[in-house]
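Q: How does the following fold in three dimensions:
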Amino acid sequence: MVMHESLETVAPPKLERRRFQRWALERPARFSAHERSATGTVRDISAGGALIQLDRAADVPERVLLYLFLSSIDGAPAAILARVVEVRGRRVRVAFDPLPQFVADAIAAEIRAARRPARTASAFLN
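A: The predicted structure is shown next:
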């Protein structure tokens with residue numbers, strides 16, 4: 001796994017499977033794979049992945065290119081390779097494969113501005 005300067009790893013609690021803090025961060029997103037695409041909203045995000053709520057139900061392949069629209073990158077979407085971990089209705093969980101450093105830095109900046117933790121443990125904020 002690639003580690004980033006702006007992110008820190010934490011040992012997960014015994015009952016917690018997640019390795020990283022999840023943060024509430026609502027940003028527009030789009031999936032693209034094999035000439036198919038779907039739009040939605042990131043609901044929460046961590047150094048390892050994200051939860052996306054799709055605008056409408058869609059057939060989501062195993063691997064996708066996730067375009068994440070971050071205001072700290074001047075409106076240009078950040079393209080992230082991701083593996084789909086779970087699909088439940090319109091909710092899609094993805095794992096980043098890996099998260100590019102500039103995207104990690106941009107996400108960290110937006111989380112610092114919003115300061116809205118979604119769950120426990122720490123990853124994006126140093």
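Q: Relative to Gly89, how far out is Phe96?
A: To Gly89, Phe96 is 22 Å away according to C-beta to C-beta, to the nearest Å. To be clear about C-beta, it is placed using only N, CA and C from the backbone, and glycine gets the same treatment.
Q: Listing partners with orientation, what would you give for the helix or strand hosting Gly40?
A: Assigned by DSSP states H and E, Gly40 belongs to strand 36-45. Here strand 36-45 has these sheet partners by DSSP bridges: strand 23-33 (antiparallel), strand 49-54 (antiparallel).
Q: List of residues touching it?
A: The contact list for strand 36-45 (C-beta atoms under 8 Å, 6 or more residues apart in numbering) reads 22-31, 50-56, 58-61, 68, 90-92, 107, 118-119.
Q: sorry, back to before: for Phe96 and Gly89, indicate the residue with more neighbours.
A: Taking neighbours as other C-beta atoms under 10 Å, Phe96 and Gly89 compare with Phe96 leading, 21 against 8.
Q: which residues touch Glu86?
A: 92-93.
Q: Ala33 too?
A: For Ala33, the contact set (C-beta under 8 Å, 6+ apart) comprises 60-61, 63-65.
Q: again, 6 Å this time
A: Applying C-beta atoms under 6 Å, 6 or more residues apart in numbering to Ala33 gives the contacts 61, 64.
Q: Do you know the pLDDT at it?
A: With respect to pLDDT, Ala33 has a value of 87.
Q: could you check the angle strand 36-45 makes with the helix-or-strand element of the chain with minimal mean pLDDT?
A: Sorted by mean pLDDT, DSSP states H and E, the helices and strands of the chain end with helix 101-114, the least confident at a mean of 85. Angle of helix 101-114 versus strand 36-45, following axes from the mean of the first three to the mean of the last three C-alpha atoms, to 10 degrees, is 50 degrees.
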